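A.B. asks: predicted model, plus sequence, below.
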2 protein chains.
Amino acid sequence: MKETVNVGILGFGTVGSGTARILLENRDLLSVRAGCDVVLKWVCDKDTVTDRGVELPDGVLTDKIDNLLDDPELDIFVELIGGIEPARSFILRAIEKGKHVVTANKALLAAHGLEIFSAAAEKGVEVAFEASVGGGIPCIKGLKEGLVANHISTIIGIMNGTANYILTRMTRYGDTFQEVLKDAQRLGYAEADPTYDVEGIDTAHKLVIMSTIAFGQKVTLDQVYTEGISRITPTDIAFASELGFIVKLLAIGRLSNGQIEVRVHPTMIPEDHLLSHVQGAYNAVYFMGDAVGKVMMYGMGAGQMPTGSAVVADIVDIARNISVGSANRVPSLGMPFASLKEAEIKPMDKVICKYYFRFMVKDSPGVLSKISGVLGENGISIQSVVQKGRDSEGAVPIVMVTHEAEEARVNAALDTISHIDFVLDQPLTIRIEDLDSLEDSL
Amino acid sequence: MKETVNVGILGFGTVGSGTARILLENRDLLSVRAGCDVVLKWVCDKDTVTDRGVELPDGVLTDKIDNLLDDPELDIFVELIGGIEPARSFILRAIEKGKHVVTANKALLAAHGLEIFSAAAEKGVEVAFEASVGGGIPCIKGLKEGLVANHISTIIGIMNGTANYILTRMTRYGDTFQEVLKDAQRLGYAEADPTYDVEGIDTAHKLVIMSTIAFGQKVTLDQVYTEGISRITPTDIAFASELGFIVKLLAIGRLSNGQIEVRVHPTMIPEDHLLSHVQGAYNAVYFMGDAVGKVMMYGMGAGQMPTGSAVVADIVDIARNISVGSANRVPSLGMPFASLKEAEIKPMDKVICKYYFRFMVKDSPGVLSKISGVLGENGISIQSVVQKGRDSEGAVPIVMVTHEAEEARVNAALDTISHIDFVLDQPLTIRIEDLDSLEDSL
């Protein structure tokens, strides 16, 4: 029974200062709950001057990483600097030194997770990463432990607050993508370079992590089909609404017949589905399990204190294990690293979806018949068509919703259509997920 | 390192057979995840004849409880018979014999939880009860572990599927309470005696459990203010809708200035709040924590397989602890039993809410002024009033929404008003919770 557990944080930025604040302010509460004293022994940052609004006890702040890594009393190394290097090297060194690791670094785990988890398994230390997905939502613990009884067949996540904020404002006020993005950058909700958030890359990182755990297969980042929201227009959102749909940037993981679909793209979902009501910077993760049915978890997907809440939950979890001597009680990925299988990914070409298409065309006779002809030749059948008045430049949107079709056929058809001379722009595609809109029991 | 963990289930009814099915069908998966073999050694039921649709291995089914309690190899005793006795005695005997306990019995825990947890703490065994609240939703683990970093200030739960099903149908189709109840009974969603479900008692049981954990105080059932939904009419739901509200049966736990509010009653909440979209037999629990902010968890609140999923999650949790020798790693109530404080409950009289009132009156001059006069005398100020045409018997509903008022003053006013001769019926009251309707960031 160890009575004190020592924690060192690398990175005194937003999440690092939130984590430090919780460890200091809620220390009594945490000690009672954890059954041991959780002590913030080190905070390491290159910048030891800037005021972070958290008063650290004397001697805690350092700019020397070796103070943490070489401290034999340090039990838990918390990496909160983000990015690939030097985060990866520091984590591997900490593991090598026998320290447990907590990280919020989804980019690193998505790119080098298997290396890190394998090193940790060999060394018998834990790597915990609740904060890497869904901010403060305890969705990794929920999946690994709360839903342990289940074969998970589906994960659907709204996992990027910036993208969801932009889509929510576009939906609510009819703003354009560029307008909202500019506002979001001004307000600090979006980075100066928003690529990771709006192009779905950050969401893909998180999907790699969640689907590895859910399906017990080693999913890698290059296996995830990734498409962002920057081409979506208020016109598309208005058409979606007419059709009874809301547009969300979704992470979708699905296991069927031993194959996994892993894809991130803007998606139309029924407007009366609970996920449609996840607004603004909030995130949500939705699971389908063979026993539990549908479960959803919702909360702030980012931010100093919500993310700090998840980091501290991991720290306490490991502290409890250290205190009673049960490290690796729950393996990092929900099952022993050696039991994970290689991922068998369903090629995107074979994925079957319903689709929303928007074609911008010159309004001339025969347009509709030509387009629908190409779709028909590719075996894609149309469920509904909407055609509206032309815009100022004489371009008319033709909007179609299809029945289920295979991605390969859709790509072939769209390639042909985009080369027709009256088609003015690359066709815009939004996949449709017909999530059960009414709850089962009604 | 123990390689086999033996489980005995008492009660081969709906949840018992669901639990047995998961343990048998997902045994390989569970063993990989748990790190040890989880074996269903006993299922005990008085009725060993009825076919439950689950094929048990030979020698597992018994009608003798002593086969379980006296088996030195039995590690986990799973109580799924429900009710107070003999469940309580069997659980206490199992604890006495040093067995860990898993139960879904909220009525028992709400009435005798402190006795059971105290006995378990003394004996050093675990009592786990994820299935007692929110069916398959991992809300107890989420609260105890996922949100461990937080001082929880508020719990709001839709915790009874039957009541939520009835209210959802009344809202969607304008049916009366009695009509839906009859249907629900025919379809098996409601018991022959629906009192526990529709009068809020079952919800109160669950609130006792959740608020004890969330606030670290020993809340007892008699401290919970409990009011059901049987007096709600389609008229009230229609008025709520006009005012922008949805009516839900909520469990509300709130800690402020060291005092706890614990109350269960029909409540109007903003129709654009996420909880308003929890439909049918689904449940949801909403937490506010000082670090994490708002978190919601959603899923099926009852049923064979969802509840079985939660029971098995508890079994695996304990199996992991047995396997690595870390029993009581997380105390049953989130902190050591000895650290729980006596509950300090805010008297219901002192609770402050907004209110919806419906008065059924004879339509005669001066009615409105008389009623609003009484409210004014009691310091209750009115936010809005709606008066509509009379019904066939000449009774007219007057509907009022108040600003915040203290419960004691409201009761005094309503008592006076109900004695006015033109007031035809006991006034109907629905409390209003102004949960933030728009998400923070928009």
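C.D. replies: Sure thing, it's come through. Residues are numbered from 1 along each chain as shown, chains lettered A, B, ... in the order given.

A.B. asks: all helices of the stretch 51-200 of chain A, in order?
C.D. replies: Secondary structure of the stretch 51-200 of chain A, counting by DSSP state H, counting those that start in this stretch: helices at A:65-69, A:87-96, A:106-123, A:139-141, A:161-173, A:177-187, A:195-198.

A.B. asks: what mean pLDDT does the fourth one have?
C.D. replies: Across helix A:139-141, pLDDT averages out at 98.

A.B. asks: can you check the fifth one too?
C.D. replies: Average pLDDT, helix A:161-173: 96.

A.B. asks: which residues does it contact?
C.D. replies: Contact with helix A:161-173 is made by A:135, A:158, A:175-177, A:180-181, A:183-184, A:189-191, A:194, A:197-198, A:200, A:203, A:228-229, A:232, A:234, A:237, A:241, A:246-249, A:266, A:278-283, A:300-302, B:439, B:441-442, as judged by CB atoms under 8 Å, 6 or more residues apart in numbering or on different chains. In this view, the C-beta of every residue, glycine as well, is placed from N, C-alpha and C.

A.B. asks: do the same with stretch A:40-59
C.D. replies: Contacts of stretch A:40-59 (CB under 8 Å, 6+ apart): A:6-13, A:16-17, A:20-21, A:23-24, A:60-65, A:67-68, A:71, A:73-74.

A.B. asks: repeat that with 6 Å
C.D. replies: A:6-10, A:12, A:17, A:20-21, A:23, A:60-63, A:65, A:67-68 (CB atoms under 6 Å, 6 or more residues apart in numbering or on different chains).

A.B. asks: now the buried members of those residues.
C.D. replies: A:6-10, A:12, A:17, A:20-21, A:23, A:60-61, A:65, A:68 (16 or more other CB atoms under 10 Å in any protein chain shown).

A.B. asks: just the ones in helices from those residues, please.
C.D. replies: A:17, A:20-21, A:23, A:65, A:68 (DSSP state H).

A.B. asks: picking up where we left off before, out of the helices of the stretch 51-200 of chain A, which is closest to residue B:321?
C.D. replies: Comparing these by their distance to residue B:321 (CB to CB), the top pick is helix A:139-141, with 15.5 Å.

A.B. asks: ok, now which ones touch residue A:207?
C.D. replies: Applying CB under 6 Å, 6+ apart to residue A:207 gives the contacts A:224, A:251, A:253, A:262, A:264.

A.B. asks: and the first one, what does it touch?
C.D. replies: With contacts taken as CB under 6 Å, 6+ apart, residue A:224 has the following neighbours: A:204, A:207, A:262.

A.B. asks: if we use 7 Å, what do you get?
C.D. replies: A:204, A:207-208, A:262-264 (CB atoms under 7 Å, 6 or more residues apart in numbering or on different chains).

A.B. asks: what's the answer for the third one, then?
C.D. replies: Contacts for residue A:253 were tallied using CB under 7 Å, 6+ apart; they are A:154-155, A:207, A:210-211, A:214, A:260-262.

A.B. asks: which SSE is it in?
C.D. replies: strand A:245-256 (DSSP states H and E).

A.B. asks: list the contacts of the nearest residue to residue A:121 once chain neighbours are set aside.
C.D. replies: Spatially, and ignoring its direct neighbours in sequence, residue A:121 is nearest to residue A:337 (4.0 Å; CB to CB, 6 or more residues apart in numbering or on different chains). Contact analysis of residue A:337 by CB under 7 Å, 6+ apart lists A:117-118, A:121, A:331.

A.B. asks: so which of those comes closest to chain B?
C.D. replies: Nearest to chain B among the contacts of residue A:337 is residue A:331, at 7.6 Å by CB to the nearest CB.

A.B. asks: assign that closest one to helix, strand or coil.
C.D. replies: Assigned with DSSP: H, G, I helix; E, B strand; the rest coil, residue A:331 falls in the coil class.

A.B. asks: look up how far residue A:35 lies from it.
C.D. replies: 22 Å (CB to CB, to the nearest Å).

A.B. asks: equivalent analysis for residue A:252, please.
C.D. replies: 40 Å.

A.B. asks: can you check residue A:310 too?
C.D. replies: 20 Å.

A.B. asks: so which of these two has more stuff around it?
C.D. replies: For residue A:310 versus residue A:35, the count of surrounding residues by other CB atoms under 10 Å in any protein chain shown is larger for residue A:310: 34 against 23.

A.B. asks: surely that one is within a helix?
C.D. replies: Yes. Residue A:310 forms part of a helix when assessed by three-state DSSP.

A.B. asks: per-residue pLDDT, it?
C.D. replies: On the pLDDT scale, residue A:310 gets 98.

A.B. asks: same check, this time on residue A:439
C.D. replies: Per-residue pLDDT puts residue A:439 at 50.

A.B. asks: and what of residue A:249?
C.D. replies: pLDDT, residue A:249: 98.

A.B. asks: the residue nearest to it when sequence neighbours are not counted: neighbour count?
C.D. replies: Sequence neighbours aside, residue A:163 is the residue nearest to residue A:249 in space, at 4.3 Å (criterion: CB to CB, 6+ apart). As a burial measure, residue A:163 scores 30 neighbours (other CB under 10 Å).
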